[in-house]
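> A predicted structure for the sequence below; I have some questions about it.
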Amino acid sequence: MSVRQSFIMHDKEKHRALSYRQVQEALNGAGFALDEVPFRRLCEIFDPTLSKGITLEQYVGMCAFLKGSSAAFRAFDKTGRGVIEVDFGQLVYIGTFMR
């Protein structure tokens, strides 16, 4: 399912924006299960006015950020344990993929 299709499917009220709860459900369905604190921070970044709603454009940006973050993380998770150890230079390198 495309990012756009995911957004439309979760926009049940047809408001052209997803509530944070709907965003979390959509992201979980896409394989991005985030704890509450990082999820709230992500919402703050992609909803800078704190409107409590994420538009399609914001959702696409959020998904692109998460996909880039996931790819960068996996590149450093050589053992597949879901835990990485990086030095500062590696952190900066990872950060370049999360823009």
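Structure's in. What do you need?

> For the spatially most central residue of the chain, what is the enclosing helix or strand?
Residue closest to the mean C-alpha point of the chain, counted by CA atoms, centre = their mean, is L66 at 3.9 Å. When elements are defined using DSSP states H and E, L66 is found to belong to helix 56-76.

> Give me the helices and strands touching that helix, please.
Identification of packing neighbours for helix 56-76 by 3 or more CB pairs under 8 Å, 6 or more residues apart in numbering; DSSP states H and E yields helix 3-10, helix 20-29, helix 36-46, helix 88-96. Where C-beta positions appear, they are placed from N, C-alpha and C, glycine not excepted.

> In CSV, list the ones you listed along with mean pLDDT.
What follows is the helices and strands packed on helix 56-76, written out as CSV (pLDDT from 0 to 100):
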stretch, mean pLDDT
helix 3-10, 90
helix 20-29, 94
helix 36-46, 93
helix 88-96, 88
